Every structure is written in C-alpha cells, then in structure tokens.
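K.L.:
I need the structure of the sequence given here:
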Amino acid sequence: MSISPLVSILIPVYNADPYLRETLDSALNQTWRNIELILVDDGSKDDSLAIAKSYESKGVKVISQGQNKGQTAALNRCLAEAKGDFIQYLDADDILEPQKIEVQIKRLLEEPSGTLAIAPWARFYQNDLSTAKFVPNNDWCDFDDPIAWLVECWTGHGTMPPSSWLYPREIIDKTGLWHEELTLNNDMEYFTRAVLASRRLVFCPEAKWYYRSGNPSLSGQRSEKALWSQYEVIRLSTERLLSVENSDRTRYATACSWQYFVFLAYHRLPELVQYAEKKITELGGCDLKPDGGSLFRVLRDIFGWKAAMNLQRFYYRYRYQINY
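P.N.:
All right, here's what the predicted structure looks like:
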C-alpha cells in the first residue's frame with residue numbers, strides 16, 4: 001500500500017435532490033485528497049441524477065441504474081466500481097467534517113491489519129447543523145474484542161450508522177456484498193459480517209460527521225415488507241454471531257435483537273412476533289424495554305410494555321383515525 005492510499009467514497013442516491021449538493025461538497029472538501037467519488041443513482045424521479053452529473057467535471061463518477069433496484073443493489077454497484085484501498089460509505093443526505101477521512105486513515109495506518117475505524121456522529125434537524133449534539137454512547141471507544149462491540153450495540157448501548165466507518169479493502173473483501181433482498185436495517189446485517197471479519201475497532205473522536213433527521217427515509221418505514229426485511233436482518237445477523245461465539249453474552253445480545261423486533265412488529269406481524277418471543281425464551285430472555293414519551297414510559301413501568309403499547313395503539317387509532 002502506498003503512503004497515500006486511495007479512498008473510495010461510495011454514495012447510493014435515490015430522490016435526494018434537496019440534500020445532494022451539500023453531501024457531495026462535504027465529500028469533495030475532505031482534507032485527505034487521494035479520493036475517488038462514485039455515485040450510483042438508483043432510478044431517482046427527482047433532479048438527483050442531473051445534480052450528480054453537474055459534479056462530473058469535479059471528478060465524481062456518476063452511474064445511473066435506470067430503474068429503482070434498491071439501495072443495496074446500488075451499494076454493490078458502487079463496490080464493483082471502487083478501486084480504493086479504503087472504503088467510505090456515505091448516504092446521500094449525510095455530511096462529513098473535512099478531516100473525517102484523514103483522521104481515520106492516519107489512525108488505521110498505525111494499526112495492525114484487520115482494524116476498522118469508527119467515528120462520532122450527531123443528528124441534525126431542519127437542515128441546521130447547529131442543532132447537532134454529539135452525545136457519547138458506550139461504543140465510542142476502542143474495542144480489542146469486536147464481538148464486545150456487537151454486544152454493546154445489540155443490548156441498546158450504541159449504534160454506528162453507515163457513514164461512521166472507514167473500511168480497509170481486506171475487510172471489505174472478507175465481508176462480501178450487500179444482501180440485495182434486504183431493505184429495512186440492511187446495514188446491521190452487513191456491519192455484523194464486517195465486524196466479525198475484523199480483529200480490532202478503533203474510535204477516532206475528531207473524525208466527525210452529521211446524520212440528517214426529519215426527512216422521509218427507508219429506516220422510517222413500517223410496512224409489512226420493511227418488517228419482513230427487519231426479521232431477516234436479525235435472523236441472519238444473530239445466526240452469524242452465534243456461529244462465531246455461542247456464549248452467555250452473545251445469547252443475551254441475540255435475545256435483545258429479537259426483543260427489538262418484537263417491539264417493532266407488535267400488532268403488525270403476529271406470527272413473526274410469536275416466533276421471535278419463542279427465540280427470546282430459548283436464548284434465556286432479555287430485559288430490554290421499549291422507549292417512548294414520558295406518559296408511555298410511566299404506563300410501561302406500571303402496567304408492562306404490552307399494555308402500554310395497546311393503549312398507545314388505541315389512542316392513535318381513535319384520536320387520529322390511523323392504522324397504528
């Protein structure tokens with residue numbers, strides 16, 4: 001590897017024209033200059049493709065899939081085109097601090113092979129970066145044991161969205177392609193494979209980036225198709241983890257992942273919820289509780305989470321006449 005390795009920044013795009021320029025500018029303004037930007041438009045129906053093409057003169061490689069094949073198909077197309085020694089995934093509405101990649105690259109070049117770099121992130125609202133607040137989680141530190149990182153995240157103590165990571169090519173090759181049948185939370189399944197393919201995770205506090213909240217997104221979907229995807233994500237991820245280590249800590253973390261699915265799919269997919277609850281019992285149980293507003297939390301703690309969710313559903317159905 002050269003002293004100035006190439007970083008591929010991979011951007012899947014679907015109907016992101018209000019935010020795309022800001023995202024592309026943040027990628028092009030990286031202080032680490034040896035980069036390539038690859039953007040795959042996944043059949044956008046707005047002006048995303050035209051905006052992307054206006055950046056070709058700045059070195060952005062733009063590929064149009066022509067029709068909507070899904071985010072994971074776009075990510076795999078990005079990977080097929082990437083030539084970098086390191087890979088940076090970037091959602092089309094996220095924003096990187098200028099030094100994000102440089103900080104992570106320099107740290108990784110000091111580390112043994114098989115190391116992944118992660119970065120702090122903050123949500124911002126209404127297109128206003130001043131609303132972003134960096135709130136540390138338990139996973140904002142180095143991990144010599146990658147499985148311990150998964151346990152922290154799955155038991156509700158942290159999460160790292162796609163743009164946090166910087167991947168060495170060797171880990172990308174071991175991880176394999178994105179699972180194209182998955183929609184909701186597909187990154188959990190991919191990152192599980194990536195973390196299990198690594199030897200160490202390092203946290204780079206100065207490598208900051210911003211997660212845009214408040215606009216419609218795939219992660220906000222609760223359709224039956226999206227919930228089936230969530231089910232498959234948890235099934236594949238938990239099976240993968242338990243095949244590597246079947247211990248008290250991984251069984252508890254796996255049970256918590258299934259418990260999260262129960263909270264998500266409750267009232268929607270009773271058969272899958274029943275299956276998930278059976279898995280939780282087999283794994284030894286999980287004491288995770290669903291979060292919500294202050295009234296919901298009071299009801300949850302007094303009557304139990306199922307009663308609280310039933311009351312919440314009743315309220316929304318009759319107050320707003322929606323199928324909640």
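
K.L.:
my guess is residue 193 contacts residue 240, does it?
P.N.:
Yes: using C-beta atoms under 8 Å, residue 193 is in contact with residue 240, at 6.4 Å. For every residue, glycine as well, the C-beta is placed using N, CA and C.

K.L.:
next, the residue nearest to residue 111 when sequence neighbours are not counted: secondary structure please.
P.N.:
Spatial nearest neighbour of residue 111, excluding adjacent residues (C-beta to C-beta, 6 or more residues apart in numbering): residue 202 at 6.1 Å. Under DSSP: H, G, I helix; E, B strand; the rest coil, the three-state class of residue 202 is strand.

K.L.:
list the contacts of residue 202.
P.N.:
Counting by C-beta atoms under 8 Å, 6 or more residues apart in numbering, residue 202 touches 107, 108, 111, 115, 116, 117, 118, 142.

K.L.:
quick one: which of residue 193 and residue 240 has more around it?
P.N.:
Comparing residue 193 with residue 240 by other C-beta atoms under 10 Å, the one with more neighbours is residue 193, at 20 against 15.

K.L.:
my read is the more buried one is in a strand, agree?
P.N.:
No: counting by three-state DSSP, residue 193 falls outside a strand, being helix.

K.L.:
can you tell me, leaving aside adjacent residues, what's nearest to it?
P.N.:
Per C-beta to C-beta, 6+ apart, closest to residue 193 is residue 175, 4.8 Å.

K.L.:
can you tell me how far that neighbour is from residue 167?
P.N.:
Remark: distance between residue 175 and residue 167 (C-beta to C-beta, to the nearest Å) = 8 Å.

K.L.:
can you list residues touching both of those two?
P.N.:
residue 194.

K.L.:
those two: who's more crowded?
P.N.:
residue 167 (25 against 20).

K.L.:
give the contact list for the residue lying closest to that one once chain neighbours are set aside.
P.N.:
Once flanking residues are discounted, residue 167 sits nearest to residue 87: 4.4 Å by C-beta to C-beta, 6+ apart. The contact partners of residue 87, taken as C-beta under 8 Å, 6+ apart, are 7, 8, 10, 79, 166, 167, 169, 172.

K.L.:
good, wrapping up.
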